[in-house]
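1. below is the sequence, then the predicted model.
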Amino acid sequence: MTRLVDIGIRIELVSMYPHFHDISISLYERQGDGDSFEFQVHSYAGRAGVDQCLRHVTAAMITLGGMIPVVGDGTCVRFSCGKQHRKACKRIFLEACKIELGTELKSRPMFIFDKKTERNINVDGLGQGAYRINADGEEDGRARRITAIAGGFVKLAEMDYVEDSDQTVVFDCNNDHNSLIGLLLKRALNVRAAMREQDDSAGRGMLSAPSAQQQ
Ligand SMILES: [Zn+2]
């Protein structure tokens, strides 16, 4: 298994994947061709069917996160811009691991109903990686809600605020990532819960040497 040598660093771990015998599945990050980053979905579990399961998680990352496959065995992806977007990728991986095997994969739209404030939220792509968050409904509290959601995107995907606006956010690569925005929108509504989930996995997942990762 020579590919383990350059599998990269582990950046995220789902220690009990609920849809296949509670196996653990990890996400690795490494340098790809040129300046691009690649992300590898991997498990040390040896049982039959694991490969198919890893390919399902990878396919979900492609559909839900708008990532693109890297040539190989169907378990490696990158962003279209080739950039790292590590936090966003970890989030895509966690969401992909929630999707049951055999489920039809669909990217999520850039609008949602916000039950908490009973508003329709939608996100406008402005081009070059910039997105403006909008909400309908009464004026009272509207701007505050939009600002909170924009802050959610900043936290979840390391996006930046566009100058002079706390309602417009942008990817630092200046490329559009519509599917990713659709995926994150639901989490951005309740960013505290999403961050808690990420923190829970942080202690398990981060940056340990390959020798320490055998389980
Ligand atoms: Zn990008």
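-> Looks like it arrived, so ask away.
2. what stretches of this structure score poorly on pLDDT?
-> 1-5, 201-215 (pLDDT under 70).
3. per the record, what domains does it have?
-> Per automatic domain parsing, the structural domains of the chain span 2-106, 111-192.
4. distance to the ion and mean neighbour count added to the ones you listed, as CSV?
-> Any C-beta I mention is one placed from the backbone N, CA and C, and that applies to glycine too. Listed next are the domains of the chain as CSV, based on distance: least, Cβ to the ion, whole Å; neighbours: other Cβ atoms under 10 Å:
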stretch, distance to the ion, mean neighbour count
domain 2-106, 3, 17
domain 111-192, 3, 17
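5. who's in contact with the nearest residue to Gly49 once chain neighbours are set aside?
-> Closest residue in space to Gly49, ignoring its immediate chain neighbours: Phe20 at 6.8 Å, by Cβ to Cβ, 6 or more residues apart in numbering. Phe20 makes contacts with Gly49, Val50, Cys53, Leu101, as judged by Cβ atoms under 8 Å, 6 or more residues apart in numbering.
6. Glu38 reaches Ile9, doesn't it?
-> No - at 11.7 Å, Glu38 and Ile9 do not qualify as touching, with contact defined as Cβ atoms under 8 Å.
7. could you tell me which residues touch both of those two?
-> Glu29, Arg30.
8. helix or strand for the residue sitting nearest the centre point of the chain, which one?
-> Nearest residue to the geometric centre of the chain (Cα atoms, centre = their mean): Ile92, 2.1 Å. Here Ile92, judged by DSSP states H and E, is contained in helix 86-96.
9. packing partners of that helix?
-> strand 9-14, strand 25-31, strand 37-42, helix 50-65, helix 142-157, helix 178-188, helix 191-205 (3 or more Cβ pairs under 8 Å, 6 or more residues apart in numbering; DSSP states H and E).
10. repeat that with 6 Å
-> strand 9-14, helix 50-65 (3 or more Cβ pairs under 6 Å, 6 or more residues apart in numbering; DSSP states H and E).
11. let's have the ones you listed in CSV, adding distance to Pro109.
-> Below are the helices and strands packed on helix 86-96 laid out as CSV (distance: least, Cβ to Cβ, whole Å):
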stretch, distance to Pro109
strand 9-14, 25
helix 50-65, 12
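12. which among these is found nearest to Leu156?
-> For the helices and strands packed on helix 86-96, distance to Leu156 was read as Cβ to Cβ. The smallest value, 12.1 Å, belongs to helix 50-65.
13. could you list every helix and strand in contact with that closest one?
-> Checked by 3+ Cβ pairs under 6 Å, 6+ apart, helix 50-65 has strand 37-42, helix 86-96, helix 178-188 packed alongside it.
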